[in-house]
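Enquirer: Need a 3D model of the following:
(one chain, ligands or ions: 1)
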Amino acid sequence: MDFTLQEEHRMLQDTVRRFVRQELLPLESLVLQRDTQGMTGEDLLPPEVDEKLLAKAKEAGLWGLDVPEEFGGLNLDTFSKCLANEELHKTITPFTFPPDAPNLHMLMQTCTPEQRERYLIPYARGEKRSAIAISEPGAGSDPAGMQTTAVKKGDQWVINGRKIWISRAHIADFMIVMALTDKDKRARGGITAFLVDKGTPGLILQRQIPVIGGHAPWEIVFEDMIVPDSHVLGEIGQGFAPMQLRLTVRRLEIGTWCVGMAQRCLDMMVDYAKQRVTFGQRLADRQSIQWFIADAATDIYAARLMAHHGAWKFDQGQDVRQEASMLKVFATEMATRIADQAMQVHGGMGMSKDLPLEFMYRRLRPMRIFEGPSEVHRWVIARSLLKE
Ligand SMILES: Cc1cc2nc3c(=O)[nH]c(=O)nc-3n(C[C@H](O)[C@H](O)[C@H](O)COP(=O)(O)OP(=O)(O)OC[C@H]3O[C@@H](n4cnc5c(N)ncnc54)[C@H](O)[C@@H]3O)c2cc1C
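Expert: Next up is the predicted model:
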């Protein structure tokens, strides 16, 4: 077993680190200012700044990291993406190297040649943005309970229903919509994925819902929304498995985001403990503070190894659903704990918006809900261990 990073991995890590230091860290005060003004989601960065960052990322070759070469990407492995994600999340400035990876994985598995041209290739090049609509008011953790229906009429489908918590619905050029095509079969052959273009008649963006941590997903309604047969993504009734693949990739990513955020909190804790003096002694010399630091470093070490192993196993083509669940539970909870302790060590300053800590703390909270709540992941892990 060799844990040494290969040259290409080290180079990518260095390039992303430089990008974060030079481009993203200087924007943190702007993000905090806009957050204080009540801006959320994609508005945390002004569009012209986002455009500039995209151009700089492209210039630095940080584009389409895990996109196959035939679609103009770098064709890097998931392990590389995991290294890049850790670095990107050492800052609160929200930025992703296009495209958004999880939908890419679902599209690569399912697109027809025609859909490749129209959706996958422009998406992989970062020219189109996407969203995925799975959750409903009555079906979140348990998507098999969805009520949205798609009924075939001639060579088209009529979709009716309601989805909730859909991230980036307003900026997506297209959306992957999951709907019931067989009410009896549900997750076992009755759920189909559809590609729905922005502006399709019957697609109603009903309201944006600001939630903790600067996220602002949407509630959307489909009212007799017509989708041509050519927009069925994958096989009819077989949408659940590619959707699960997409969720698994995202769970691995969330694990690496948490490692990056926790590392930033630890670095800040260490720096501050060395300079802050109370009652004539540095915080660094107090055992209670040393234990925060030691426990944080130990937890980050464990989570990073879990993330690296999960990514490596995924790259070997193995099933990592169990590892992704374990990583998501462990990493989101450890990063929450470390962000809280980092705030504690910084005292009043830790509560303030002068530092990125409280933003990170809020940002972490919904990560224990989206892509599956912690309790559901624990249940899934235990269920597979307890099964006869
Ligand atoms: C910021 C944000 C962005 C999101 N983006 C998207 C998106 O882009 N697309 C999309 O489709 N969805 C999205 N979601 C939805 C998200 O995936 C769901 O909120 C999540 O799956 C939980 O579903 P729910 O809210 O219906 O909670 P429920 O399923 O009602 O669960 C509520 C609570 O019950 C408990 N619970 C549930 N089941 C079990 C169980 N089996 N065992 C033990 N405890 C259990 C858990 O504590 C859970 O938190 C987003 C959510 C948020 C907050």
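Enquirer: Okay, buried residues for the host helix or strand of residue 242 please.
Expert: Residue 242 belongs to helix 240-275 when elements are defined using DSSP states H and E. Using 16 or more other C-beta atoms under 10 Å as the test for burial, helix 240-275 gives 240, 242-243, 245-266, 268-270, 272-273. No exception for glycine: its C-beta is placed from N, CA and C like everyone else's.
Enquirer: Now do the contacts for the residue of the stretch 201-350 of the chain found nearest the ligand.
Expert: With C-beta to the nearest ligand atom, the shortest gap between the stretch 201-350 of the chain and the ligand falls at residue 215, namely 3.7 Å. Going by C-beta atoms under 8 Å, 6 or more residues apart in numbering, residue 215 touches 40-41, 167, 366.
Enquirer: Mark which of those are buried, thanks.
Expert: 40-41, 167, 366.
Enquirer: Need the pLDDT of the one residue in the stretch 1-150 of the chain that gets nearest to the ligand.
Expert: Residue nearest to the ligand within the stretch 1-150 of the chain (C-beta to the nearest ligand atom): residue 140, separated by 1.9 Å. With respect to pLDDT, residue 140 scores 96.
Enquirer: helix, strand or coil for the nearest residue in space to it that is not next to it in sequence?
Expert: Leaving aside its chain neighbours, residue 140 sits nearest to residue 165 (7.3 Å; criterion: C-beta to C-beta, 6 or more residues apart in numbering). Counting by DSSP: H, G, I helix; E, B strand; the rest coil, the backbone at residue 165 sits in strand.
Enquirer: Same question for the one 10 residues further on.
Expert: Recorded secondary structure, residue 175: strand (three-state DSSP).
Enquirer: who touches it in this structure?
Expert: Shown in contact with residue 175 (C-beta under 8 Å, 6+ apart): 130-133, 166, 169, 195-196, 198, 203.
Enquirer: Can you narrow those down to the ones near the ligand?
Expert: 131-133, 166 (C-beta under 6 Å from any ligand atom).
Enquirer: which of the residues you listed has the most neighbours?
Expert: Among these, the one with the most neighbours (other C-beta atoms under 10 Å) is residue 133, at 28 neighbours.
Enquirer: mind listing the strands for the stretch 201-350 of the chain?
Expert: Using DSSP state E, counting those that start in this stretch, the strands found in the stretch 201-350 of the chain span residues 203-208, 218-228, 232-233, 277-278, 281-282.
Enquirer: Most tightly packed of those?
Expert: Counting by mean count of other C-beta atoms under 10 Å, strand 232-233 has the highest mean neighbour count of the strands of the stretch 201-350 of the chain, with a mean of 23.
Enquirer: What are the boundaries of the helices in this protein?
Expert: Remark: helices assigned in the chain by DSSP state H are 7-19, 28-36, 47-59, 78-88, 101-110, 113-115, 121-124, 240-275, 287-315, 321-345, 347-351, 357-364, 374-386.
Enquirer: can you pull the contacts of the residue lying closest to residue 284 once chain neighbours are set aside?
Expert: Excluding the flanking residues, the one nearest residue 284 by C-beta to C-beta, 6+ apart is residue 273, at 4.1 Å. For residue 273, the contacting residues are 282-284, 289, 293, 345, by C-beta under 8 Å, 6+ apart.
Enquirer: still on that earlier bit, would a markdown table of the strands of the stretch 201-350 of the chain with mean pLDDT be doable?
Expert: Below are those laid out as a markdown table (pLDDT from 0 to 100):
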| stretch | mean pLDDT |
| --- | --- |
| strand 203-208 | 98 |
| strand 218-228 | 98 |
| strand 232-233 | 98 |
| strand 277-278 | 98 |
| strand 281-282 | 98 |
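Enquirer: Now distance to residue 24 too, for those, in a markdown table please.
Expert: Below are the strands of the stretch 201-350 of the chain laid out as a markdown table (distance: least, C-beta to C-beta, whole Å):
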| stretch | distance to residue 24 |
| --- | --- |
| strand 203-208 | 25 |
| strand 218-228 | 26 |
| strand 232-233 | 33 |
| strand 277-278 | 32 |
| strand 281-282 | 30 |
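Enquirer: follow-up on the earlier one: list just the nearest of the ones next to the ligand among the contacts of residue 175 to residue 178.
Expert: When those are compared for distance to residue 178 (C-beta to C-beta), residue 133 comes out closest, at 6.6 Å.
Enquirer: tell me the contacts of that closest one?
Expert: By C-beta under 8 Å, 6+ apart, the neighbours of residue 133 are 163, 166, 169, 175-178, 220.
Enquirer: So what pairs up with the nearest residue to it once chain neighbours are set aside in the strands?
Expert: The shortest distance from residue 133 to any non-neighbouring residue, by C-beta to C-beta, 6+ apart, is to residue 163 (4.2 Å). As for beta bridges, residue 163 partners with residue 220 under DSSP bridges.
Enquirer: Residue 163: what's it in contact with?
Expert: 133-136, 148, 177, 219-222.
Enquirer: Get me the contact residues on the stretch 251-388 of the chain for the ligand.
Expert: Contacts of the stretch 251-388 of the chain with the ligand, taken as C-beta under 6 Å from any ligand atom, map to 366, 369-373, 375-376, 379.
Enquirer: will you turn the residues you listed into CSV that also has pLDDT?
Expert: Below are those laid out as CSV (pLDDT from 0 to 100):
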residue, pLDDT
366, 98
369, 98
370, 97
371, 96
372, 97
373, 98
375, 98
376, 98
379, 98
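Enquirer: Kindly write the PyMOL command that selects the buried subset of these.
Expert: Only the buried entries of these go into this PyMOL selection, using 16+ other C-beta under 10 Å:
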select buried, resi 366+369+370+371+372
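Enquirer: Closest one of the residues of the stretch 251-388 of the chain next to the ligand to residue 99?
Expert: Taking C-beta to C-beta as the measure, residue 99 sits nearest to residue 371 out of these, at 17.8 Å.
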